[in-house]
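**Student:** my questions concern the predicted model and sequence given below.
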Amino acid sequence: MNLPHYNYLISYDFTDYKFYSEGPKGKITKVVRYTKIEENPDLYNLAFGDEQQDFWEINDSIITNNNDRDLVLSTVANTVIDFTNYYGECNIVAKGSTVSRTRLYQIGISGLLEEISIYFYVYGLKDDIWHDFQKNVNYEAFLIKRK
Amino acid sequence: MPEVEKTVEHKELKGKGIISSEVRSYANDPFFVKKAEEAREMIKRVGLPGDKKKQA
């Protein structure tokens, strides 16, 4: 994907990613993690949030407002590429902590859908059923799989 | 016989991150543990795309 994104760092096992959001609110550490939740087929949960420097804990309930939403979402999308290059054809599920956070994920996927769909199957969860992802439909969660 | 050039769809995607010891493991971070547990419960309930009972 060739959209602008932040430079990011990867842990040795490709499950943890870190980058820095920069904007009016300063420099904020963002962390993306893929946690394995099922095997055969392998399924990972994608979650990301801000690292609280005082506590070294992650939180995604904060509205950062660093005016860089698209850059952040594009960076997270790029981590999916590194992750699936390493782990192969696994499923990745993502769900926001709140409705508005899930909506944010949806906006991000919609904006990148044409490019993402070349390389990934993309699904949205609605009424407990997975559907092929479509723009302008509100989903409760998302699942992607490398083609 | 003229040579026929085959066009192969380029599906290789190059990652852009840098592997670094600066990134610690967040495996035990309460936030990520909770998120994974919630996702596990959700998948237990709805299955994966293509599961016969759950397919749209």
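**Tutor:** Done, it's in.

**Student:** the closest residue to chain A within chain B: neighbour count?
**Tutor:** With distances taken as C-beta to the nearest C-beta, chain B approaches chain A most closely at B:Gly15, which sits 3.4 Å away. From N, CA and C alone the C-beta is placed, and that goes for glycine too. Burial of B:Gly15 is recorded as 18 neighbouring residues (other C-beta atoms under 10 Å in any protein chain shown).

**Student:** which pLDDT value goes with residue 24?
**Tutor:** You didn't say which chain, so I picked chain A. On pLDDT, A:Pro24 comes in at 89.

**Student:** ah, no, chain B please
**Tutor:** Confidence score, pLDDT, at B:Arg24: 93.

**Student:** neighbours of it, just the number please.
**Tutor:** Residues near B:Arg24, counting by other C-beta under 10 Å, number 12.

**Student:** just confirm it is within a helix.
**Tutor:** No - residue assignment for B:Arg24, taken from DSSP: H, G, I helix; E, B strand; the rest coil, gives coil, which places it outside any helix.

**Student:** check contacts around it.
**Tutor:** The contact partners of B:Arg24, taken as C-beta atoms under 8 Å, 6 or more residues apart in numbering or on different chains, are A:Ser11, A:Asp16.

**Student:** what's the separation between it and A:Asn45?
**Tutor:** B:Arg24 sits at a distance of 19 Å from A:Asn45 (criterion: C-beta to C-beta, to the nearest Å).

**Student:** just A:Thr29 next, same as before
**Tutor:** Applying C-beta to C-beta to A:Thr29 and A:Asn45 gives a distance of 20 Å.

**Student:** who are the contact partners of the closest residue to chain B within chain A?
**Tutor:** Using C-beta to the nearest C-beta, the single residue of chain A nearest to chain B is A:Asp82, 3.4 Å away. When the contact criterion is C-beta under 8 Å, 6+ apart, the partners of A:Asp82 are A:Ile10, A:Phe14, A:Tyr17, B:Gly15, B:Lys16, B:Gly17.

**Student:** and these, which two are furthest apart?
**Tutor:** Across the contacts of A:Asp82, the longest distance by C-beta to C-beta is 13.1 Å; it joins A:Phe14 and B:Lys16.

**Student:** A:Thr29 contacts A:Tyr17, correct?
**Tutor:** No - shown here, A:Thr29 and A:Tyr17 do not form a contact pair, counting by C-beta atoms under 8 Å, at 11.2 Å.

**Student:** these two: which has the busier surroundings?
**Tutor:** For A:Thr29 versus A:Tyr17, the count of surrounding residues by other C-beta under 10 Å is larger for A:Tyr17: 27 against 15.

**Student:** distance of that one relative to A:Tyr87?
**Tutor:** On the measure of C-beta to C-beta, A:Tyr17 and A:Tyr87 end up 13 Å apart.

**Student:** equivalent analysis for B:Val33, please.
**Tutor:** 20 Å.

**Student:** what do you get for A:Glu140?
**Tutor:** 25 Å.

**Student:** now swap in A:Glu39 and tell me
**Tutor:** When distances are taken as C-beta to C-beta, A:Glu39 and A:Tyr87 turn out to be 12 Å apart.

**Student:** what's the biggest strand by length in chain A packed up against?
**Tutor:** As far as residue count goes, and with DSSP state E defining each element, the longest strand of chain A is strand A:26-38. Packing partners of strand A:26-38 (3 or more C-beta pairs under 8 Å, 6 or more residues apart in numbering or on different chains; DSSP states H and E): strand A:16-23, strand A:43-52, helix A:69-87, helix B:30-46.
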